[in-house]
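>>> Need a 3D model of the sequence below.
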Amino acid sequence: MIRIISTLALVWFSSTSLFALTNGYWSYYIAPWNGGAHIFGYTGPSGIVNVPDQLDGNPVYGMGGLGEFVFTNATVTSLNIGTNLSEIFPYVISNQTNLININVDIKNTNISSVDGVLFSRSNSYLLAYPRAKSSLSYIIPSTVQIIGDWAFSQNSYLTNIIIPNSVTNVGRFAFGGLINLKSIEIPNSITEISEEMFKESGLTNLNIPSSIKKIGINAFCSCKGLTNIIIPNSVTNIESWSFQDCRNLKSIFVPNSVMQIGGWAFCGNTSLTNFIIPESITRLYDGTFNGCTSLSKITFPRYFTRLGGANFDGCSNLNQVYVLSSGPNYGPSPSELPDKAIFNYLPNATGWLSYDFSTRTTALILPKINDFKNVKSNSASKLSLTFLSFPGLNYSVQKSFDLGSWSYQTNIFGDGAEKTYIEESTNTRVFYRVLQQ
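Alright, predicted model coming up:
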C-alpha cells in the first residue's frame, strides 16, 4: 500500500546531500527504509511523463520530498506510473495544475488507477484526483475507506462530490481549494471534519451529519459561499480558525453539546450579525469574533467565566450584550467592547468582574436588580448608565476608583420606566454600579 514518507527521512536526506544521484532527467536517492530509488526531481519536458521503473538498476519505489514538488519546472498533463512505485508525497500530484490523467501499470501491486484517478491497489484508499480533470461531478467508489491528504485539492471543475458510507477517514485539505464545489454529501460513517478539509472551497450548501464529533482546524476557513450553518448536537469540539473568514456566513447555530470553541474560530465573518454562545461553554479563547464587523448581538451563557483577548476587536456594530451569568470573572473588562454596547443582565447578577482592566478612563461593574438592566458607556469622558426600574423600588448609584470602596452618588426612585444616570468623568479610571435598595 502507498506510504507517506516520514519527516525523519527528509531531514536525513537534506543533511546528507552526498546521497543525491542523477540519471537523465531524474534526480533521486537510495531510501534507507526500503533500499529503492526515491525520485525528488525532474528536469525533462512537459506534457506526458513516464515514471521509470528503475534508475541505474535500482527499482523506483518512491517519489517526492525536499519540498515534494518533483515536477517544479514541468507542466505535466498525464502521468504514467510503472510497476514498482508505491510511495508518493501528496504534493507531487496536487501541485500539478494541468494534470488531467494518472495511469498505473496493471502489474503494479501497490497502487492502481481508475478513470485517471489514483488509488491503492485494493481501491480502499483514494490518493489523488487530478487538478485539471474536467468532470463536474464525481461519485467516490464504494470500495474507498480513506480519502488521502490533498486528494481532490484545487480541482477547478468539480461542483458536486458524493462520498459513500464506506468512507471513515478524510485527510487534510482533501477538498480544499475546490472553488466551484457547491455541494457534497458527507455520510454518517465519517466522525470528524478534518483539518482544512474544505478550506477555500466554493461550498454553498452543507449538511453536517449527526455522526460528526469534531470540526478541525481551518476546516471551513475562507468558504465564502456559506451563508448558514447548523452544527449537530453530536459535535463536542470546534477547533481554532474552523470558520475563519467565511465572509457571507450570516448565522451559525452551535448546540449545547459543544464543550470547546477554539481561538479565532469565527474571526473575519463580516456578515455574522448574532451569536448565542451555548450553555456548555464556560470560556472563549483569543480572537473568537475578531473582525466580525456586522456582529450586533451576542449572548453569554449562565456558567461563562473566562474571556480571551482580542475577542471583539473590530466589532464596531456590537450594541447588545446579553449576559445570562454574572459575567466573566477573568479576562477583559466591558470597557474593551464598543462604547455603544448595552449590557443586559439577568436578575440577581452581580455584574461583569475582571482582573484585567483596560486603560480606558471609564469601566463598569454592573448592578443587582430584578430584571434585565442596560448599561452603556458613551465615551471616555462621559458616562451613561441606563436601566429598567421597577415601580416602588429604590436604586442607589455608587462610584469606585479601586473596586474596594464605593461612594454614594444619587438615589433613583423606580416607577417602571427606563432610568438614566449621566456623569461627566475625569481622566481617572472610574467604576459605577447600581444597587437595588
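>>> didn't residue 60 look like it was pressed against residue 70?
No. Contact criterion C-beta atoms under 8 Å: residue 60 and residue 70 do not qualify, at 12.0 Å. Backbone N, C-alpha and C define where each C-beta goes, glycine included.
>>> just checking, residue 52 touches residue 81?
No. Between residue 52 and residue 81 there is no contact under C-beta under 8 Å: 9.9 Å.
>>> Which one of these two is surrounded by more residues?
Between residue 52 and residue 81, counting by other C-beta atoms under 10 Å, residue 81 is the more crowded of the two (25 against 18).
>>> I'd like the distance between that one and residue 148.
Here the criterion is C-beta to C-beta, to the nearest Å. By it, residue 81 lies 16 Å from residue 148.
>>> ok, now residue 224?
Between residue 224 and residue 148 the distance is 26 Å, computed by C-beta to C-beta.
>>> In terms of packing, which of these two has more residues around it?
Taking other C-beta under 10 Å, residue 224 and residue 148 do not tie; residue 148 has more neighbours (25 against 17).
>>> I'd say the more buried one and residue 120 touch.
No. Applying C-beta under 8 Å, one finds residue 148 not in contact with residue 120, separated by 9.1 Å.
>>> shared neighbours, those two?
By C-beta atoms under 8 Å, 6 or more residues apart in numbering, residue 148 and residue 120 have these common neighbours: residue 127.
>>> For residue 93, identify the helix or strand it belongs to.
helix 90-94 (DSSP states H and E).
>>> Contacts made by the very next helix or strand once past that helix with the rest, please.
Using DSSP H and E, the helix or strand that directly follows helix 90-94 along the chain is strand 101-104. Outside strand 101-104, the residues within contact range by C-beta under 8 Å, 6+ apart are 77-81, 85, 93, 111-113, 116-118, 128, 130, 133.
>>> Contact partners for residue 172?
Going by C-beta under 8 Å, 6+ apart, residue 172 touches 149, 150, 194, 195, 196, 197.
>>> again, only using 6 Å
For residue 172, the contacting residues are 149, 194, 195, 196, by C-beta atoms under 6 Å, 6 or more residues apart in numbering.
>>> In a markdown table: these, plus secondary structure, neighbour count and pLDDT.
Putting the contacts of residue 172 into a markdown table (DSSP: H, G, I helix; E, B strand; the rest coil; neighbours: other C-beta atoms under 10 Å; pLDDT from 0 to 100) gives the following:
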| residue | secondary structure | neighbour count | pLDDT |
| --- | --- | --- | --- |
| 149 | coil | 21 | 95 |
| 194 | coil | 22 | 98 |
| 195 | coil | 21 | 98 |
| 196 | coil | 26 | 98 |
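>>> and the nearest residue to residue 320 once chain neighbours are set aside, what are its phi and psi?
Nearest residue to residue 320 in three dimensions, chain neighbours excluded: residue 297, at 4.2 Å (C-beta to C-beta, 6 or more residues apart in numbering). Reported as degrees, to the nearest 10, the phi and psi values for residue 297 are phi -140, psi 140.
>>> What separation do you get for residue 297 and residue 283?
20 Å.
>>> More neighbours: which of residue 60 and residue 70?
Neighbour tally, residue 60 and residue 70, criterion other C-beta under 10 Å: the higher count belongs to residue 70, 27 against 23.
>>> isn't the more buried one right up against residue 91?
No. At 8.5 Å, residue 70 does not count as touching residue 91 under the criterion of C-beta atoms under 6 Å.
>>> Name the spans of the stretch 251-400 of the chain whose pLDDT lies under the cut-off.
The model of the stretch 251-400 of the chain has pLDDT under 70 over residues 326-390.
>>> how about a cut-off of 80?
Applying pLDDT under 80 to the stretch 251-400 of the chain flags residues 322-400.
>>> and residue 50, how many neighbours does it have?
Residue 50 has 12 neighbours, counted by other C-beta under 10 Å.
>>> Skipping its backbone neighbours, what lies nearest residue 54 in space?
Here the nearest residue to residue 54 in space, its sequence neighbours aside, is residue 60; by C-beta to C-beta, 6+ apart that works out to 5.9 Å.
>>> give the contact list for the one you found.
37, 52, 53, 54, 84, 85.
>>> Of the residues you listed - the most surrounded one?
Ranking the contacts of residue 60 using other C-beta under 10 Å puts residue 37 first, with 26 neighbours.
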